[in-house]
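Undergrad: No letters, just coordinates:
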């Protein structure tokens, strides 16, 4: 169990922490990279080596800003492309072009699947609000606002620091701690009095590097040891398990009540 009320603020990642959209991101990354790598291999007469799940996703892409994810994964394969510009057409052979193609695929999948919310995480958010602990979302996604609204979660958080805010403020993306540090600064809460909740290795590294009072990791893909090595103080499979049952039935999903 975690005494969440011992802290002044909790900073939540979005995809994989509050919503199940991480699986849609992962599927989009694999579809985009596999198509690109297959085409590249064919044009060079080389064997096709697919984007590996969950390994490549967890190590090089998950939790990072979109274009950083493209750049980091390609570097792991010894591939260097021109960055291009954010306006590049989806699929253009630039970092931005490939990133935009991934985003187009994600938007298609999101439209078809909708947004699923993790009930255990939602229970913790409600617990925090009931006890006066401030809540913010800190996400690398530029689709953060749309996802929060689609999931009917936007009104639960007083601050959103996402990929668009990071660009406007010139903040480095995760695993740098800048976005979390910025959120704490806007809230007026020292990092030592705030908690970071993440599911990505890069996000846990960011929380650890930022000197936050507690870093809680949610293991959605069997990466518990890696998350602990990255600096997580607690690793759980369901955030609702951190609540005392005496706090009410909020730790359990509605169908179990």
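TA: Okay, I see it. As the structure is a computational prediction, the values presented were derived from the model and not from experiment.

Undergrad: number of nearby residues for residue 109?
TA: The tally of other residues near residue 109 (other Cβ atoms under 10 Å) stands at 16. Quick note: C-beta positions are derived from backbone N, CA and C, even for glycine.

Undergrad: distance of it from residue 192?
TA: 39 Å (Cβ to Cβ, to the nearest Å).

Undergrad: contact partners of stretch 235-242?
TA: 1-2, 4, 17, 118-121, 123-124, 197, 216-220, 224, 227-228, 234, 250-253 (Cβ atoms under 8 Å, 6 or more residues apart in numbering).

Undergrad: ah, wrong one, I meant stretch 115-129
TA: Against stretch 115-129 from outside (Cβ under 8 Å, 6+ apart): 4-5, 10, 12, 17-21, 134-135, 147, 150-151, 153, 156-157, 197, 218, 238-243, 247, 250-254.

Undergrad: repeat that for 6 Å
TA: 4, 10, 17-20, 135, 147, 150-151, 156, 238-240, 243, 250-251, 253 (Cβ atoms under 6 Å, 6 or more residues apart in numbering).

Undergrad: Is it possible to mark the buried ones in those residues?
TA: 4, 10, 17-20, 135, 147, 150-151, 156, 238-240, 243, 250-251 (16 or more other Cβ atoms under 10 Å).

Undergrad: contacting residues around the nearest residue to residue 211 once chain neighbours are set aside?
TA: Excluding the flanking residues, the one nearest residue 211 by Cβ to Cβ, 6 or more residues apart in numbering is residue 191, at 4.9 Å. Contacts for residue 191 (Cβ under 6 Å, 6+ apart) come out as 184, 210, 211, 212.

Undergrad: Residue 13 is in contact with residue 198, isn't it?
TA: Yes: between residue 13 and residue 198 there is a contact under Cβ atoms under 6 Å: 4.7 Å.

Undergrad: which residue of the protein sits farthest from its center?
TA: residue 45 (36.0 Å; Cα atoms, centre = their mean).

Undergrad: From residue 36, how far out is that one?
TA: On the measure of Cβ to Cβ, residue 45 and residue 36 end up 16 Å apart.

Undergrad: again with residue 200
TA: Distance from residue 200 to residue 36, by Cβ to Cβ: 22 Å.

Undergrad: Check residue 197 too.
TA: 32 Å.

Undergrad: Neighbour count: those two, which is higher?
TA: Comparing residue 197 with residue 36 by other Cβ under 10 Å, the one with more neighbours is residue 197, at 29 against 21.

Undergrad: check contacts around that one.
TA: Per Cβ under 6 Å, 6+ apart, neighbours of residue 197: 12, 17, 216.
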